[in-house]
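Undergrad: here is my input; please provide its structure:
(chains A and B)
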There are 2 protein chains.
Amino acid sequence: MPMHVGGLQLFEPPADAGPEYVREMFESMRDTERIAPLFLKHPYRSVKTGGTLTWRDDEQIDIEHHVRHSALPQPGRVRELLELVGRLHSTRLAWERPLWETHVIEGLADGRVAMYTKLHHSLVDGISAMRLMASTLSSDPDRRGMPAPFAEGAARRRKPEPESSDSLPAAAVDAATTAARTLADLPGDAVRTALSISADAAGMPLALVKTLRKGLKNETSAVSLAAPRTIFNQSITGARRFAAQDWPIERIRGVGKATGTTINDVVLAMCSGAMRTYLTELDALPEQSMVSMVPIGLKAKQAGSASAEGGNAIGSVMVRLATDRADPADRLRTISQSMKDGKEALSSMTPAQIVAMSAIGMAPSIVVPMLRMQGIVRPPYNLIISNVPGPRVPHYWNGAQLVGSYPVSIPINGMALNITCTSYAGNMGFGLTGCRRTVPHLQRLLTFLDDELAALEKAAGVS
Amino acid sequence: MPMHVGGLQLFEPPADAGPEYVREMFESMRDTERIAPLFLKHPYRSVKTGGTLTWRDDEQIDIEHHVRHSALPQPGRVRELLELVGRLHSTRLAWERPLWETHVIEGLADGRVAMYTKLHHSLVDGISAMRLMASTLSSDPDRRGMPAPFAEGAARRRKPEPESSDSLPAAAVDAATTAARTLADLPGDAVRTALSISADAAGMPLALVKTLRKGLKNETSAVSLAAPRTIFNQSITGARRFAAQDWPIERIRGVGKATGTTINDVVLAMCSGAMRTYLTELDALPEQSMVSMVPIGLKAKQAGSASAEGGNAIGSVMVRLATDRADPADRLRTISQSMKDGKEALSSMTPAQIVAMSAIGMAPSIVVPMLRMQGIVRPPYNLIISNVPGPRVPHYWNGAQLVGSYPVSIPINGMALNITCTSYAGNMGFGLTGCRRTVPHLQRLLTFLDDELAALEKAAGVS
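TA: As a prediction, the model looks like this:
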């Protein structure tokens, strides 16, 4: 099963771009001389240490293997782009080389250039990956001579600009640069845990397992929601489909203001309504409400001992998506209330419980199979919907304006669909990543998301 | 390690092709309703039979997963095509689906359309794959309504036209249609053997192992050549490079006629000279001559018991490439003599020895690791050079003329380079498939092959 996260970025070439622009862009990236440490390491089973996995530098790094020039067939619509990104996201990264690839993609009929990057889950989580990519851009359209995202010194420490209060906090998601710095110092255990995703979760402390089990079996706990079985919660294949689209944050905010809900609530309501239509068409809508795991930021005092480790912690809330309700306004209200309840419950949780929640949020691929081993057979949630704040103002790479940014995430066995949103320069970009076989006609969800936003606007009286 | 064979075909669109030609070609293939049995089956570990691998039909075949539309970046040279084919040949086929992919590739600046097809080694060997693809074409340029190569009824039984007497015989290589017919009836053992390539060669009969070991240790036997270690004979990675080019058979035949050698001898001499230059540049030329395994056809009486199974058998000869000689004419003479000696030795071999030779030729990926287990550490040969005859006259698919055909083969651990040639309509197409890491600058071999043909022409006095 592929275990990498990715990002799709769309760029508008600068005004002075010539006919050879994309090739030159690709070649300048390919000719990078000094690669950042994160992009040089690959896992290595050391004979000296008795077969333990460690990291080591690829001494003969083959940059042309990692940086690739691709093209779209005619007519070069977004549809052809999403098809290619789905394919590229389906192939595994080989452990014998550093665990990343960047594709510079030409051939969009409107002249935009796409960049798809993938990074193994053991290096960064999806949120950090988006951050890392954003951190290599500049808000200055005139800046030139900027290095490739994987070049040494490309990632800057930047002040994040959270778009909504529900979203991940600033400090917690500055993990990308930290990851880049500290990867070399990771102990063998961490490497083993990060890579042995499908194995026996040997890296998880027993105390954590116990807390999780207890929390999930206790109906009154904040982690206690049990989700209905859906088509998303079954074994998956290695092939992927990807769909992505933007909606103006102003529209989402408008619904929120008129209904007393947050931007994040409205994003969840869009997903809920879209999911309901999608599953109804497939005759597969469960009777009970679906449950989404939603990662959220925690204030230091909430996080308890977690804050001692230098910064805010990331928790997660199980949110009822109200997919059993027919009315859009009713769904939004229920979601908003469920989110409030979850956050309140989180604030009353013990630090150990919060760590357990974080574990589910940060490493579902480890935790979900482990829960199954612990005899918990119903899925703890049906899917993960994340919302990661990105830059508010336009950003550029050597004069090329970033005009769209979409996370490409990891479906896992039992969680065949992942929705990750990221805000950027006034738009909310949705990235939907699904198993190609388990989640048919993934593109339709984009239409349903669009329909649902319109329905919410109508219900809120703002359309 | 990827275990699939492939083929790259170049087509010239018909005179009446419109601007949407490639898309229409792709869509007509994608819209195939009835898929041939070979292209429907996937391996399946049956619970009923205690975990034994069997074949079963993919009930929900996802044709868009198997038939793909791709494009080349600017400037759309053969170089960009080879780079893409190398990438496509590097990704593994998932066992959960039928083991094939076809890519319709647009974007060559000269207007030609490329088609790259890959098929898992367990379905067909490389030779059969080329045959299978050729058998779906027609020599009639006006024929239309032809089905896709993977459609039911696409493969015809055709009379093969061997280009040279050294090449594989007609009947022996009509295996593709046979494979298509009989795959469903394969016993579990055969499936296990074909798929457990890197495992313990459990499917090989002990008698065969003994014969092989004996033959390889006996210096006077026809299988007794031991090759020097070269950079090609080490562990490889999963990534591939591919290079391909044509040379007029008339030029190759001209050298043969002037020197009393065969077309196949001259092809081997081209490879030998190119290899010598390539390894000299890398400062890696072994002192002793390199040895190539060359599959050849056997007459029924030579093959002994093998002929009882209905047709000629395929044997193989170990040929000294004379890479230790500086003079092109000297190399060609030595190769020609080594080939004669090998064929003579083969004619005096027992049926069991011939079967052992065939095993090396047909399934090196099984046999070579097995030899290592048997304590035979020197490689039995340095690389495989095959020469497969193809159609002599131009062939077409729905009016599109096939103008080039190149096999894409399987490097394995210990055999990092494979050269497979196929003749077609007056040209000899060379397909070079190498491990991306172990065989650097693979494209240079094309230049060296070209230089070597010129040197041979000069030495033979025909230039």
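Undergrad: show me what from chain A comes close to chain B.
TA: A:20, A:22-23, A:26, A:60, A:62, A:65, A:68-75, A:80, A:83, A:87, A:91-92, A:94, A:96-97, A:106-107, A:237-239, A:436-437 (Cβ under 8 Å from any Cβ of the partner chain). Heads up, the C-betas are built off the backbone N, CA and C, glycines and all.
Undergrad: take the residues you listed and keep only those in helices.
TA: The helices, defined by DSSP state H, take in A:22, A:23, A:26, A:65, A:80, A:83, A:87 from the residues of chain A next to chain B.
Undergrad: dump the residues you listed to TSV, plus pLDDT, neighbour count and distance to residue B:31.
TA: Shown next, in TSV, are these (pLDDT from 0 to 100; neighbours: other Cβ atoms under 10 Å in any protein chain shown; distance: Cβ to Cβ, whole Å):
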residue	pLDDT	neighbour count	distance to residue B:31
A:22	95	22	32
A:23	95	16	34
A:26	96	23	34
A:65	93	20	35
A:80	96	21	18
A:83	95	20	16
A:87	95	20	20
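Undergrad: and those residues, which two are the farthest apart?
TA: Using Cβ to Cβ, those reach their maximum pairwise distance at A:65 and A:80, which is 24.2 Å.
Undergrad: please name the nearest non-neighbouring residue to residue A:231.
TA: Closest residue to residue A:231 apart from its sequence neighbours, by Cβ to Cβ, 6 or more residues apart in numbering or on different chains: residue A:284 at 5.0 Å.
Undergrad: scratch that, residue A:89
TA: Leaving aside its chain neighbours, residue A:89 sits nearest to residue A:240 (4.6 Å; criterion: Cβ to Cβ, 6+ apart).
Undergrad: ditto for residue A:281
TA: Spatial nearest neighbour of residue A:281, chain neighbours left out: residue A:444 (7.5 Å); criterion: Cβ to Cβ, 6+ apart.
Undergrad: tell me how many other residues surround that neighbour.
TA: For residue A:444, the count of nearby residues is 15 (other Cβ atoms under 10 Å in any protein chain shown).
Undergrad: next, give phi and psi for it.
TA: Main-chain torsions, residue A:444, degrees, to the nearest 10: phi -60, psi -30.
Undergrad: just the buried ones from the residues of chain A next to chain B, in ChimeraX syntax?
TA: Command for ChimeraX that selects the buried part of the residues of chain A next to chain B, burial taken from 16 or more other Cβ atoms under 10 Å in any protein chain shown:
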select /A:22,23,26,65,68,69,70,71,72,73,74,80,83,87,91,92,97,106,107,237,238,239,436,437
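Undergrad: take the residues of chain A next to chain B and keep only those in strands.
TA: Within the residues of chain A next to chain B, membership in strands is found for A:68, A:69, A:70, A:71, A:106, as judged by DSSP state E.
Undergrad: mind listing what the second one touches?
TA: Under the criterion of Cβ atoms under 8 Å, 6 or more residues apart in numbering or on different chains, the contact list for residue A:69 reads A:22, A:23, A:26, A:103, A:104, A:106, B:73, B:80, B:83.
Undergrad: out of those, which is nearest to residue A:421?
TA: residue A:103 (22.4 Å).
Undergrad: next, find the distance separating that closest one from residue A:7.
TA: In this view, residue A:103 and residue A:7 are 11 Å apart by Cβ to Cβ, to the nearest Å.
Undergrad: and for residue A:285?
TA: When residue A:285 is compared with residue A:7 (using Cβ to Cβ), they lie 31 Å apart.
Undergrad: more neighbours: which of these two?
TA: Taking neighbours as other Cβ under 10 Å, residue A:285 and residue A:7 compare with residue A:7 leading, 27 against 18.
Undergrad: and that one, what are its phi and psi?
TA: With angles defined as degrees, to the nearest 10, residue A:7 sits at phi -150, psi 140.
Undergrad: then residue A:387?
TA: Torsion angles at residue A:387 (phi, psi; degrees, to the nearest 10) stand at phi -140, psi 110.
Undergrad: give me the neighbour count for it.
TA: Count around residue A:387 with other Cβ under 10 Å applied: 26.
Undergrad: what's the answer for the one 3 residues further on, then?
TA: Under the neighbour criterion other Cβ under 10 Å, residue A:390 is assigned a count of 25.
Undergrad: confirm it sits in a strand?
TA: No. Membership of residue A:390 in a strand is not supported by DSSP: H, G, I helix; E, B strand; the rest coil, which gives coil.
Undergrad: contacts only, for it.
TA: Counting by Cβ under 8 Å, 6+ apart, residue A:390 makes contact with A:130, A:134, A:163, A:405, A:422, A:423, A:424, A:429.
Undergrad: try it again with 6 Å
TA: A:134, A:422, A:423, A:424 (Cβ atoms under 6 Å, 6 or more residues apart in numbering or on different chains).
Undergrad: give me the subset of these lying in helices.
TA: Assigned to helices by DSSP H, the following of these qualify: residue A:134.
Undergrad: can you flag the buried ones in the contacts of residue A:390?
TA: For those, buried by 16+ other Cβ under 10 Å: A:134, A:422, A:423, A:424.
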